[in-house]
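In: Got a predicted model here, sequence first, then my questions.
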Amino acid sequence: MDMKTPDPLGTMPSARTFGKLDALAAALGCSTTLFFETSDGPSTGHTAQLLQMWLAIRSPEDRRAVFACVQEILKAQADNPRSR
């Protein structure tokens with residue numbers, strides 16, 4: 001699969017990416033620094049990595065496919081609560 005590998009955490013995002021992060025932070029009602037903070041648990045790092053991968057997907061069709069996959073996983077979990 002020829003997918004651009006996201007930049008490692010801790011690297012400075014491009015101006016375009018930083019603009020998207022600004023918009024995302026505004027929509028979430030938080031500061032962009034939240035995306036770069038480290039925490040004791042894996043949650044923040046995984047969230048930042050997930051956002052980096054999402055931003056690396058350029059095709060709207062591919063983003064819809066990823067979104068549909070996540071929706072199916074959530075539906076399956078809702079249908080079978082013991083699968084968590």
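Out: That came through fine. Residues are numbered from 1 along each chain as shown.
In: shaky segments in this structure?
Out: Scanning the chain for pLDDT under 70 picks out 1-13, 37-45, 83-84.
In: all helices of it, in order?
Out: 15-28, 43-56, 60-79 (DSSP state H).
In: Distance to residue 35 and mean neighbour count added to those helices, as CSV?
Out: All C-beta atoms are positioned from the backbone trio N, CA, C, and that covers glycine. Output for the helices of the chain, formatted as CSV (distance: least, CB to CB, whole Å; neighbours: other CB atoms under 10 Å):
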stretch, distance to residue 35, mean neighbour count
helix 15-28, 6, 13
helix 43-56, 5, 14
helix 60-79, 19, 10
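In: Compare the ones you listed and give me the one nearest residue 36.
Out: Among the helices of the chain, helix 43-56 comes nearest to residue 36, with 7.0 Å by CB to CB.
In: Understood, closing this out.
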